[in-house]
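>>> Next come a sequence and a model predicted from it.
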Amino acid sequence: MKKNIFAGLLIAATGLYCPLSHADDQSDQLPDMGTTAGSTLSIAQEVQMGDYYVRQLRAGSPMINDPLLEYYINHLGNILVAHAHSVHFPFHFFLIRNDELNAFAFFGGNVVIHSGLFRYTDNESQLASVLAHEISHVTQRHLARAMEEKKREAPLTWAGVLGSILLTLANPQAGMAGLSSTIAGTQQGVLSFTQDNEREADRIGLQVLQRSGFDPQAMPDFLQKLADESRYSSTPPEILLTHPLPLSRLADSRNRANQMKHLVIDSSQDYYLAKARIMGMYSGNSDDVSDSSKARTNLVLANWKKGNNRQRIAAEYGEAVLLFEAKNYDGARQALQPLLGKQPANIWFVDLMTDIDLAQNRAPQAISRLESLVKIRDNNANPVLLLNLANAYVQGQRNQDAVHLLNRYTFNHPDDTNGWDLLAQACAALGWRDQELAARAESLALNGQLDQAIRALSDASSLVRLGSLQQARYDARIDQLRDMQKRFKPYAKS
């Protein structure tokens, strides 16, 4: 997703790199002036719009639906949310496979980061500083306030901007063309308004970062890294092409951080493992990973081998990941086994070993390992382990066990397409056509394909006994999706 004027409108990663305010730090409670956004967009409307755009994002962007990485980024993000003020709704964090440095927040507590951000950050505090800034955009309702400002200035223009936002999510190049034609002549006003938002999000994000126990120096450190890369590179990070990094920004950010208690913090083991996994599995913007991406990954792993214990463990894990991706399953098993032997309940190691087992047609071995861990953890089983077990059941042709587990999983995690897709596979293998269609309908709905979801449920309803409880459930769900269509209609029209 290219970095451009859309970033300012969508409160994108531009938010990370505009000048900090010189004002003294204040509480990040939403000021009275911000509540006026309610006249344009209520909290309930913002949540509804967020739901709509997330579904379009899933359908049109290269989302990383990796349960482990989703679990990590949401865990980290919600640590920060827990220390933010003016939180009006749950937050959700998403990953897009893209090596370009980018992050953005939009309606209803949704934050998206590009996978390339892991490559650019040196430690977990730097990654947290990016998320803290984006969270602050949401808590201060900057997009709602921007909508109110633009509606006042040019009410007809803003409707076109909303449509272009959606188009950009699904098709960046086409969306950019739409935005360029829509806001021609008013671009400077939009940028000026968002710069005020950025100053506020910078200040508040730094406070959230500190309260969450991360190093406040991480924000200026990351900015310095970007400035250095821009200075010595013929092609600086895209974000700096449209939003230059003034020298005053570094000084202001450093001054603020220096007034806070300095914390010497090592990144968590999960941060290093997540970085190794992303660089090993999701480097590049397609399945055809370039030689340069592989070289960067190997360089990071080589440096980690000379680092602290957490980095050395991540280096070993990263090598196992690379061997697995190269389909050298015996080599991957040999590299991973010592790690798993020392930490048999580590979900990163268990997940990869499960994939190795299934690739080598050893489903019973994977099932045995996972069942023992799930029993140990009882009802508090990690969702990553549950999905791994469900997948192993499906691959091992224990489909009724998979259905039993996935019916509970999808009830507790209804927004996870992984669960619905696995449930559809298990039901298909059992010949339970109506339940397969119902599960596929949920996955279609999460991807914004409501018409197709309704058709699938209608087909499922026609396959079961007339007047049965199952038919009533399918019909009730059809009604819910039709009601959702009505609520989404204004955004679809734009």
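That came through fine.

>>> Tell me how many other residues surround N412.
10 (other CB atoms under 10 Å). Bear in mind the C-beta positions are built from the backbone N, C-alpha and C, glycine included.

>>> That one: what's it in contact with?
Residues in contact with N412, defined by CB atoms under 8 Å, 6 or more residues apart in numbering, are P383.

>>> pLDDT score for it?
Per-residue confidence at N412 stands at 93 (pLDDT).

>>> how far away is it from L387?
For N412, the distance to L387 (CB to CB, to the nearest Å) stands at 12 Å.

>>> again with I367
Using CB to CB, one obtains 13 Å as the distance from I367 to L387.

>>> do Y71 as well
The separation that Y71 has from L387, given CB to CB, amounts to 10 Å.

>>> Settle it for me: which of these two has more neighbours?
Set side by side, Y71 and L387 show more neighbours around L387, with 24 against 18, by other CB under 10 Å.

>>> Following element in sequence after the helix or strand hosting the more buried one, please.
Assigned by DSSP states H and E, L387 belongs to helix 383-395. Using DSSP H and E, the next helix or strand after helix 383-395 towards the C-terminus is helix 399-412.

>>> For that next one, C-alpha coordinates in PDB please.
As requested, C-alpha coordinates have been extracted for helix 399-412 and formatted as PDB (Å, rounded to 0.1, in the frame of the first residue of the first chain):
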ATOM      1  CA  ASN A 399     -12.900 -34.600  11.400                       C
ATOM      2  CA  GLN A 400     -15.600 -35.100  14.000                       C
ATOM      3  CA  ASP A 401     -13.100 -34.200  16.700                       C
ATOM      4  CA  ALA A 402     -12.200 -31.100  14.600                       C
ATOM      5  CA  VAL A 403     -15.900 -30.100  14.300                       C
ATOM      6  CA  HIS A 404     -16.400 -30.500  18.000                       C
ATOM      7  CA  LEU A 405     -13.400 -28.300  18.800                       C
ATOM      8  CA  LEU A 406     -14.100 -25.700  16.100                       C
ATOM      9  CA  ASN A 407     -17.700 -25.200  17.000                       C
ATOM     10  CA  ARG A 408     -16.500 -24.000  20.400                       C
ATOM     11  CA  TYR A 409     -13.600 -22.100  18.900                       C
ATOM     12  CA  THR A 410     -15.700 -20.100  16.400                       C
ATOM     13  CA  PHE A 411     -18.300 -19.300  19.100                       C
ATOM     14  CA  ASN A 412     -15.500 -17.700  21.200                       C
END
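
>>> in what helix or strand does the residue nearest to A392 when sequence neighbours are not counted lie?
Here the nearest residue to A392 in space, its sequence neighbours aside, is A366; by CB to CB, 6 or more residues apart in numbering that works out to 4.4 Å. Assigned by DSSP H and E, A366 belongs to helix 363-377.

>>> how far out from the middle of the chain is that helix?
Between the mean C-alpha point of helix 363-377 and the mean C-alpha point of its chain there is a distance of 28 Å (CA atoms, centre = their mean, to the nearest Å).

>>> what's it packed up against?
Applying 3 or more CB pairs under 8 Å, 6 or more residues apart in numbering; DSSP states H and E, we find helix 363-377 packed against helix 347-359, helix 383-395.

>>> Just the buried residues of it, please?
With burial defined by 16 or more other CB atoms under 10 Å, the residues of helix 363-377 counted as buried are 363, 365-367, 369-370, 373-374.

>>> Ok, stretch 456-468 next?
When burial is assessed from 16+ other CB under 10 Å, stretch 456-468 yields the following buried residues: 456-457, 459-461, 463-464.

>>> now that stretch: mean pLDDT?
The predicted model assigns stretch 456-468 a mean pLDDT of 97.

>>> how far does that stretch sit from the chain's center?
Averaging C-alpha positions (CA atoms, centre = their mean) puts stretch 456-468 35 Å from its chain's average.

>>> pLDDT averaged over stretch 226-237 - what is it?
Per-residue pLDDT values over stretch 226-237 give a mean of 69.

>>> Ok, stretch 201-220 next?
Within the predicted structure, the mean pLDDT of stretch 201-220 is 90.

>>> which residues touch the residue nearest to A392?
Counting by CB under 8 Å, 6+ apart, A366 touches 353-354, 357-358, 388, 392, 395-396.

>>> how near is it to K342?
Summarising the geometry, the distance separating A366 from K342, computed by CB to CB, is 19 Å.

>>> Name all residues that make contact with R477.
By CB under 8 Å, 6+ apart, R477 lies in contact with 438, 441, 457.

>>> try F107
Shown in contact with F107 (CB under 8 Å, 6+ apart): 46-47, 49-50, 53, 143-144.

>>> which of those sit farthest apart?
Set against one another by CB to CB, the contacts of F107 have their most distant pair in Y53 and A144, with a gap of 13.6 Å.

>>> low-scoring stretches of the stretch 51-200 of the chain, by residue?
Under the criterion of pLDDT under 70, the regions of the stretch 51-200 of the chain flagged as low confidence span 147-196.

>>> what are the ranges of the strands in it?
In chain order, the stretch 51-200 of the chain shows strands spanning 92-96, 103-106, 110-114, with DSSP state E, counting those that start in this stretch as the criterion.

>>> what lines up beside the last one in the sheet?
Think strand 110-114. If you go by DSSP bridges, strand 110-114 pairs up with strand 92-96 (parallel), strand 103-106 (antiparallel).

>>> mind saving the C-alpha coords of the longest one as PDB?
Going back to what we said before, that points to strand 92-96. What follows is strand 92-96, C-alpha atoms only, in PDB (Å, rounded to 0.1, in the frame of the first residue of the first chain):
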ATOM      1  CA  HIS A  92      -8.000  -4.900  16.900                       C
ATOM      2  CA  PHE A  93      -4.600  -5.100  15.300                       C
ATOM      3  CA  PHE A  94      -3.900  -6.500  11.800                       C
ATOM      4  CA  LEU A  95      -0.900  -7.300   9.800                       C
ATOM      5  CA  ILE A  96      -0.500  -6.700   6.000                       C
END
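
>>> Excluding its own residues, what touches that strand? List them.
1, 54, 57, 61-64, 66, 69-70, 73-74, 76-78, 102, 109-115, 131, 415.

>>> from the contacts of R477, which single one is nearest V300?
Where the contacts of R477 are concerned, and distances follow CB to CB, V300 has its nearest neighbour in A441, at 41.9 Å.

>>> Thanks a lot, see you next time.
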